[in-house]
Each structure stands twice: as C-alpha cells, then as structure tokens.
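Novice: One predicted model, sequence on top.
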Amino acid sequence: MAKDFTLEKYEQFLKAALTNNYQLVSYQDYLKNNYPKAMILRHDVDKKPQNSLKTAQLQHQLGVKGTYYFRAVPESFDETIIAQIAKLGHEIGYHYEDLSICKGDEVKAIKHFEKWLTKLRKFYPVKTVCMHGSPTSKWDNRKLWDNHNYQDFGIEAEPYFDIDFNKVFYITDTGRKWDGKKVSVRDKVTSNFNLSFHSTNELIAAFENRQLPNQILQNIHPQRWTDNRAAWTQELVTQNIKNTIKKAIFVKK
C-alpha cells in the first residue's frame, strides 16, 4: 500500500472522488458553474514548484483542472513552471503575503500586490487570489483588504472571504495531516461541519462510504507530496519541526 503524502496516494484520493461522481474543478470554474457534487482542487505553492508541476500533470492525465497559487518569493515563483502549469489548462492565482513582506506598511503592500499580480498575469488572466498564512509573521495578510478592495484589481474572489464554509467542507493538509488545526496559525476556517480525518486513507474511505458533503474545497501543498523516498523523509522531518514551532506560536496567541 502506498505511503501517505506520495503522488501515488494522491492519485488514489483523486480517483476516489471521481468514482463517487465529484467534479474536480478549479476555483474559477467553481464560481462559474452550479455543480451538484464538486471538489475544488486548490494548491498552495509555498515552495518546490517542481512538485506542483507533477500534481498538475497527474491531474491533466485524469482530465481534471485545479488552481495553483504562487507566492512572490524565489522558492515559489518559477516562471517556467508557472507557464507549464497554465499550458496544462489549470488556473493560476496569486498566493499573496504582501502585508507580511512589507512589514505591515499598507501603502507599500498594496503596490507590492499590484506588481506581482501583474507579473503573474503574463502567464494567466488571474481572477482569484488566496492569502498565504505566513505563520511566523505577526501580520495577517487578509488585513490588507480592511482598507482596500481586491475587486478593484480585477479579482473576482478570495476563498477565505468568498466561500461559505458551512456549505463547502474545507480540508487541508496543513501540518502534513488532514486534521492539523492545532498546528495551523491561519489556515483554518469556521464551519458547522463536524467531520475530521487524519490520513488520506481515511478520506478515501469516506468518499467510498459516501460520508462527505457534496461540496468540498481541498487544499494541498504539493511540496509535501512526492514518490522520492529521500525527499519524502526530509519533508516528514522538516514538517515535524515546523509543527512544534507552530504549536508554540498558537499557544502564545
């Protein structure tokens, strides 16, 4: 049986959803259509963009599309890979952290946002954005919109603001597990759904047993998903260290 957080396991996860009649779609497509059963495929490209290309290729082979949010930092913003993922038909979006980068300076942050949005639009007509949690920063990047409106930049939606999570079930691999709320500083939502899953196998079983809601937003960080044994082990060790640090941050807050 494939280990969790491998591409092989992720393929099993996607196929379980498809077998149970879920449409696997980008956020942009979800906004345009009224799907009876759908799972939005969101990907936060925090680093290792080559891993995101592999998940994008896998999804292309399965005939589905997702959304890939790229950060404005060298470990994420790889122009060659962004172009390749866009060419596969996936949606490209901006994983913004401008307030953190600009250390809380709103004037600089909104200019930074516009600059990097323009850069991304060389590859794709970006219509959705999504905040990066920046767990070690004291600034919540969503606060950029307290005094600005992303619609003024041609942005149609931001999932943390524009999805009703009482209607759309949110699952994220934050912390390298599907129940990582305790080690998540900002990647979490308020919801009435009383469902919790730890492993991908548990989610696959939930699809097979029809225990999941009809509307789902899946968020993965492709850096965590690899069939390379050495990279898989390194990510496991690194994430365990990060979880310890994030727990300490969460307790302080």
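Specialist: In hand now; what should we look at?
Novice: need the helices for the stretch 51-200 of the chain, in chain order.
Specialist: 79-87, 98-101, 106-120, 159-162, 200-208 (DSSP state H, counting those that start in this stretch).
Novice: what helices or strands is the last one leaning on?
Specialist: It refers to helix 200-208. helix 7-19 (3 or more Cβ pairs under 8 Å, 6 or more residues apart in numbering; DSSP states H and E). Every C-beta, even on glycine, is put in place using the N, C-alpha and C of the backbone.
Novice: can you pull the buried residues of the helix it packs on?
Specialist: Applying a neighbour-count criterion of 16 or more other Cβ atoms under 10 Å, one finds Leu7, Lys9, Tyr10, Glu11, Gln12, Phe13, Leu14, Ala16, Ala17, Leu18 buried in helix 7-19.
Novice: neighbours around the closest residue in space to Phe169 that isn't next to it in sequence, how many?
Specialist: Take Phe169 and drop its neighbours on the chain: the residue closest to it by Cβ to Cβ, 6 or more residues apart in numbering is Pro213, 4.4 Å away. Neighbourhood size, Pro213 [other Cβ atoms under 10 Å]: 12.
Novice: just checking, Pro213 touches Phe193?
Specialist: Yes. Taking contacts as Cβ atoms under 8 Å, Pro213 lies within contact range of Phe193: 6.7 Å.
Novice: which residues are in contact with both of those two?
Specialist: Shared contacts of Pro213 and Phe193, defined by Cβ atoms under 8 Å, 6 or more residues apart in numbering, are found at Phe169.
Novice: any idea how far Lys47 is from Thr226?
Specialist: Computed as Cβ to Cβ, to the nearest Å, the Thr226 to Lys47 distance reads 12 Å.
Novice: what about the two, which has more around it?
Specialist: Of the pair Thr226 and Lys47, Thr226 is the one with more neighbours under other Cβ under 10 Å, namely 22 against 16.
Novice: Tell me the confidence at that one?
Specialist: Looking at Thr226, its pLDDT is 96.
Novice: And for it, nearest residue in space, chain neighbours not counted?
Specialist: Among residues not flanking Thr226 along the chain, Trp232 sits closest, at 5.3 Å (Cβ to Cβ, 6+ apart).
Novice: that's a strand at Met39, yeah?
Specialist: Yes. If the criterion is DSSP: H, G, I helix; E, B strand; the rest coil, then Met39 is within a strand.
Novice: Can you name the residues bridging to it?
Specialist: Leu24, Ile216 (DSSP bridges).
Novice: That one touches Ile216, doesn't it?
Specialist: Yes. Taking Cβ under 8 Å as the definition, Met39 is a contact partner of Ile216 at 4.2 Å.
Novice: Between the two, which has more neighbouring residues?
Specialist: More crowded of Met39 and Ile216, by other Cβ under 10 Å: Met39, with 29 against 21.
Novice: What residues does that one make contact with?
Specialist: Residues near Met39 by Cβ under 8 Å, 6+ apart: Ala17, Tyr22, Gln23, Leu24, Val25, Ile216, Leu217, Gln218.
Novice: Quick check: the fourth one vs Gly154, distance?
Specialist: Here the criterion is Cβ to Cβ. By it, Leu24 lies 26 Å from Gly154.
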